[in-house]
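Visitor: kindly return the folded structure for what I paste below:
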Amino acid sequence: MSALLVSLPVFLQAPLVRYAPWVSLVLSLGWLALSLHLYSQSRTRIWGDLLYGFTLTWLAGSLYWGWLRFEPLWHMPVEALGIPIVGWGARQRFARIGTWFYLGSLWGTAITDLYIHSVGLLPEWRQAMQFDRLDQAVIPFMAALDKMATPLGVTWGIGLGLLLLGVGLWMIQGSRRLHHWAFAGAVLNTLLVDGLFGWGAALLR
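Guide: Model prediction:
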């Protein structure tokens with residue numbers, strides 16, 4: 001379930017926030033209400049706990065991709081807005097599973113952004129965000145693919161992919177605690193989503 005929730009912002013929120021950012025932002029309140037309701041019931045507490053962490057990622061994604069997507073340097077600061085909230089939750093022993101899910105999702109995002117910075121994809125990011133439709137962003141998209149196919153791009157991709165894989169598997173094998181598994185699920189599915197994107201992009205070349 002942790003892995004599935006990581007995929008939702010990519011496949012559900014991304015098209016929604018592009019054309020209706022306020023709808024996505026308001027949905028954050030719905031996710032929060034549902035998570036707190038589930039968390040208050042003993043039978044569904046685990047799911048409410050996990051959904052609470054997902055709500056934080058959804059909220060940050062709504063803010064960034066809705067209004068600030070034109071500047072990639074703002075991506076991680078906005079995605080990290082939930083850190084004070086999960087810090088408070090950790091002190092209160094509240095929503096440990098959701099806290100670790102959020103941190104795993106944030107870690108995966110940080111690694112993805114590190115790849116983008118290291119391969120020099122910031123200009124293509126800024127250009128692509130100026131267009132409303134994907135077919136209009138073909139030129140910066142193809143330019144980004146050219147950089148990703150260079151030895152530098154491939155080396156960084158393999159190295160950071162192995163880092164995500166190693167951290168995710170270490171968390172699964174090293175612990176049977178659900179919050180660690182939530183972290184691992186978020187990290188490993190980040191690797192899967194990025195891998196599918198890279199594979200799909202290669203087919204479009």
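
Visitor: if I look at the residue of the chain most remote from its centre, how far off is residue 48?
Guide: Largest separation from the mean C-alpha position in the chain: residue 42, at 28.6 Å (C-alpha atoms, centre = their mean). Relative to residue 48, residue 42 is positioned 10 Å away (C-beta to C-beta, to the nearest Å). Yep, even glycine has a C-beta here, placed from its N, CA and C like the rest.

Visitor: which helix or strand in the chain has the lowest average pLDDT?
Guide: helix 178-204 (a mean of 76; mean pLDDT, DSSP states H and E).

Visitor: so which residues of the protein form helices?
Guide: 2-8, 14-19, 21-40, 45-63, 75-79, 83-92, 96-119, 122-128, 138-148, 151-174, 178-204 (DSSP state H).

Visitor: worst mean pLDDT among those?
Guide: Lowest mean pLDDT within these: helix 178-204, a mean of 76.

Visitor: output the helices of the chain in TSV; the columns should cover distance to residue 69.
Guide: Shown next, in TSV, are those (distance: least, C-beta to C-beta, whole Å):
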stretch	distance to residue 69
helix 2-8	18
helix 14-19	9
helix 21-40	10
helix 45-63	10
helix 75-79	8
helix 83-92	21
helix 96-119	13
helix 122-128	9
helix 138-148	14
helix 151-174	22
helix 178-204	16
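
Visitor: mean neighbour count added to those, as a markdown table?
Guide: Below are the helices of the chain laid out as a markdown table (neighbours: other C-beta atoms under 10 Å):
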| stretch | mean neighbour count |
| --- | --- |
| helix 2-8 | 18 |
| helix 14-19 | 15 |
| helix 21-40 | 15 |
| helix 45-63 | 23 |
| helix 75-79 | 18 |
| helix 83-92 | 14 |
| helix 96-119 | 22 |
| helix 122-128 | 17 |
| helix 138-148 | 16 |
| helix 151-174 | 15 |
| helix 178-204 | 18 |
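
Visitor: got the CA positions of stretch 21-37 in CSV?
Guide: Output of stretch 21-37 as CSV, limited to C-alpha atoms (Å, rounded to 0.1, in the frame of the first residue of the first chain):
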residue,chain,number,x,y,z
PRO,A,21,-4.6,23.2,-8.7
TRP,A,22,-7.2,24.4,-6.3
VAL,A,23,-9.1,21.1,-6.6
SER,A,24,-6.0,19.2,-5.7
LEU,A,25,-5.3,21.6,-2.8
VAL,A,26,-8.8,21.2,-1.4
LEU,A,27,-8.5,17.4,-1.8
SER,A,28,-5.7,17.6,0.8
LEU,A,29,-8.3,18.5,3.4
GLY,A,30,-10.4,15.5,2.3
TRP,A,31,-7.4,13.2,2.6
LEU,A,32,-6.6,14.7,6.1
ALA,A,33,-10.2,14.2,7.3
LEU,A,34,-10.2,10.6,6.1
SER,A,35,-6.9,9.8,7.6
LEU,A,36,-7.8,11.2,11.0
HIS,A,37,-11.1,9.4,10.9
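
Visitor: can you list contacts of that stretch?
Guide: For stretch 21-37, contacts defined as C-beta atoms under 8 Å, 6 or more residues apart in numbering pick out 13, 16-17, 48-49, 51-52, 54-55, 58-59, 61-63, 65-67, 98.
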